[in-house]
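S.K.: all I have is the shape, not the residue letters:
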Ligand SMILES: NC(=O)C1=CN([C@@H]2O[C@H](COP(=O)(O)OP(=O)(O)OC[C@H]3O[C@@H](n4cnc5c(N)ncnc54)[C@H](OP(=O)(O)O)[C@@H]3O)[C@@H](O)[C@H]2O)C=CC1
Ligand SMILES: O=C(O)[C@@H]1CCC=N1
């Protein structure tokens, strides 16, 4: 990252509220982020512009008050911070398409694409363009997202602060080396899907044992939410918290035994590994072009 003097907190917040935010690609993650930004109150809907090739996506976005277009260049020309939110294999063609309207002094590119490296983005943009690569997740929609960000070669400290502050409006945001981002994808980028599947399965168990579906889903979701909150608020190791639920000779230890016999932890570890390896594969493809 290039060096630059940092600026104060209130100045950064002012800067965010005066930043025109563009999204290239208006799909699921772009919509989660845009809605999260707007709900935070720090980014006005009229300061967001989104492009997509899919009219249905644009209709959904218009309903939340953001400006929309089918022209990616229009997004870049009208934005200070551009979130690259297309699928990984579309990143290169989209960056090449907008190349001519990029002003490296004016715009900052923030890629959320799994696997796509900073180096490959910088190669596809005009020399000196500031790039920050991030891996967010879909609970950004409800300001409970988890993001890790890595600044590129030409990004200055003000860029990193701006992106971090912006992403903190939709959850937590940590800075880390780019080498960690594929594993971050495996844990938190893809992680909400594992959690949704866990909630669905717990609810299925409840239904099997006689609970009404709606109650079972509510109980399962609140249980994951509560457990996650305890880990974050108490700072205790999750294993210690698990032990506190397992009364001697009680119900939970019987359930834990069943989970362990079925390879519960190993399966989750394998899942994180599979997603991480897939992110690496996507990155290798983007590097080879
Ligand atoms: N979903 C998630 O939870 C997360 C996703 N990401 C990353 O976010 C990115 C987007 O993922 P996601 O939102 O799930 O994907 P989506 O498919 O929902 O969104 C991508 C959107 O881009 C549109 N699109 C395709 N080609 C172009 C183009 N040339 N110009 C403009 N828009 C185009 C797509 O239209 P069409 O469908 O018609 O092709 C689609 O609406 C990916 O790179 C992914 O790795 C990162 C973290 C979490
Ligand atoms: O499934 C994917 O590829 C994207 C990246 C992380 C979450 N969704």
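M.R.: Looks like it arrived, so ask away. The shown structure was predicted, so the numbers you read here are calculated from the model rather than taken from an experiment. Residues are numbered from 1 along each chain as shown. Ligands and ions are numbered 1, 2, ... in the order given.
S.K.: rest of the way, CA atoms for contacts and neighbours
M.R.: Will do.
S.K.: do you know how far the nearest residue to residue 42 once chain neighbours are set aside is from residue 174?
M.R.: Among residues not flanking residue 42 along the chain, residue 17 sits closest, at 5.6 Å (CA to CA, 6 or more residues apart in numbering). Counting by CA to CA, to the nearest Å, the gap from residue 17 to residue 174 is 21 Å.
S.K.: who's more crowded, those two?
M.R.: Legend: neighbour count by other CA atoms under 10 Å for residue 17 and residue 174, higher for residue 17 (16 against 13).
S.K.: that one contacts residue 48, doesn't it?
M.R.: No: the pair residue 17 / residue 48 is not scored as a contact, 10.7 Å apart, by CA atoms under 8 Å.
S.K.: contact residues of the protein facing ligand 2?
M.R.: Taking CA under 6 Å from any ligand atom as the criterion, the chain approaches ligand 2 at residues 114, 185, 189, 190.
S.K.: could I get these as CSV with distance to residue 214, secondary structure and neighbour count?
M.R.: Formatted as CSV, the residues of the chain next to ligand 2 follow (distance: CA to CA, whole Å; DSSP: H, G, I helix; E, B strand; the rest coil; neighbours: other CA atoms under 10 Å):
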residue, distance to residue 214, secondary structure, neighbour count
114, 34, coil, 30
185, 31, helix, 28
189, 27, helix, 25
190, 25, coil, 20
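S.K.: returning to that earlier point: distance of the residue nearest to residue 42 from ligand 1?
M.R.: Distance, residue 17 to ligand 1, using CA to the nearest ligand atom, to the nearest Å: 23 Å.
S.K.: pull the contacting residues for that residue.
M.R.: When contacts are counted by CA atoms under 8 Å, 6 or more residues apart in numbering, residue 17 touches 42, 43, 44.
S.K.: distance from stretch 236-249 to the middle of the chain?
M.R.: Here stretch 236-249 is found 30 Å from its chain centre; the criterion is CA atoms, centre = their mean, to the nearest Å.
S.K.: and the strands in this protein, which stretches?
M.R.: Taking DSSP state E to define them, one finds strands in the chain at 21-24, 48-51, 67-69, 81-84, 108-111, 130-135, 145-151, 171-175.
S.K.: point out where this structure drops to low pLDDT.
M.R.: For the chain, the stretches flagged by pLDDT under 70 are 1-8, 289.
S.K.: how does it look with 90?
M.R.: Applying pLDDT under 90 to the chain flags residues 1-15, 105, 283-289.
S.K.: okay, now the domains of it?
M.R.: Following automatic domain parsing, one gets these domains for the chain: 9-176, 189-282.
S.K.: quick one: contacts for residue 257?
M.R.: Applying CA under 8 Å, 6+ apart to residue 257 gives no contacts.
S.K.: about what we covered before: what's the closest of the strands of the chain to residue 38?
M.R.: strand 48-51 (9.0 Å; CA to CA).
S.K.: just checking, what packs against that closest one?
M.R.: strand 21-24, helix 55-62, strand 67-69, helix 72-77 (3 or more CA pairs under 8 Å, 6 or more residues apart in numbering; DSSP states H and E).
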